[in-house]
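>>> Give me a 3D structure for the following:
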Amino acid sequence: MKALTIRHADMDDLPACHTIEANCFPPAEAAWASSLRNRIEIYPEGFLVAELEGRVVGQVNAGSTDKDDITDEEFKQLIGHDPDGRNIVIFSLSVHPDFQKRGIAGKLLANFIEHARDMGKSAIKLLCKEPLTSFYTRFGFTDDGLSRSTHGGVPWHAMTLILAD
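Predicted structure coming up:
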């Protein structure tokens, strides 16, 4: 694979990030362009993109909170977001289907984990569907079981990676 660059997102990345989101999630689960815009504007520290040959091919975006329950739908709009919160919460980790199965998601996640450590976060939290739990456990996340979230009408597993005590 040619050189992959992982960097913070900027507003010019919004169309590509929205396209990735729309191609990776069913409409009931995909983030709206306005949500992605908010995440870039409000918390750019929590929004990374993977760029290959000048094209954004993957993204990971997040918010931050002191709460342990991350099932609040409004939080995805960064309502209740606290940039100094001890937990960073991944909303989406996605790679355009044309670029999947090349290790890009793993590189994005590993970079995000190091970035969260550098920011002094205590934990990374996320919700994922059952088939993805094994991907996250390879990076040290523990499966906390089914969450209360019914986002998109499907069950979600809560996952946690402890970074610091």
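>>> Quick check: neighbours of the top strand by length along the chain in the sheet, parallel or antiparallel?
When the chain is parsed with DSSP state E, its longest strand is strand 55-65. Counting by DSSP bridges, the strands paired with strand 55-65 are strand 47-52 (antiparallel), strand 87-95 (antiparallel).
>>> right, and the helix or strand after the last one?
The one in question is strand 87-95. As assigned by DSSP states H and E, the chain's next helix or strand after strand 87-95 is helix 104-118.
>>> just checking, what packs against that next one?
With contacts taken as 3 or more Cβ pairs under 8 Å, 6 or more residues apart in numbering; DSSP states H and E, helix 104-118 sits against strand 4-8, strand 47-52, strand 55-65, strand 87-95, strand 123-128, helix 133-137. Where you see a C-beta, it was placed from the backbone N, CA and C, and this is true even at glycine.
>>> quick one: contacts of the last one?
Which is helix 133-137. With contacts defined as Cβ atoms under 8 Å, 6 or more residues apart in numbering, helix 133-137 is touched by A105, G106, L109, L126, C128, D143, H157, M159, L161.
>>> Now which of those residues would you call buried?
Among these, those classed as buried by 16 or more other Cβ atoms under 10 Å are A105, L109, L126, C128, H157, M159, L161.
>>> Could you measure from the last one over to A33?
Read it as L161. L161 sits at a distance of 28 Å from A33 (criterion: Cβ to Cβ, to the nearest Å).
>>> before we move on, what about the fifth one?
Spatial separation of H157 from A33 under the definition Cβ to Cβ is 27 Å.
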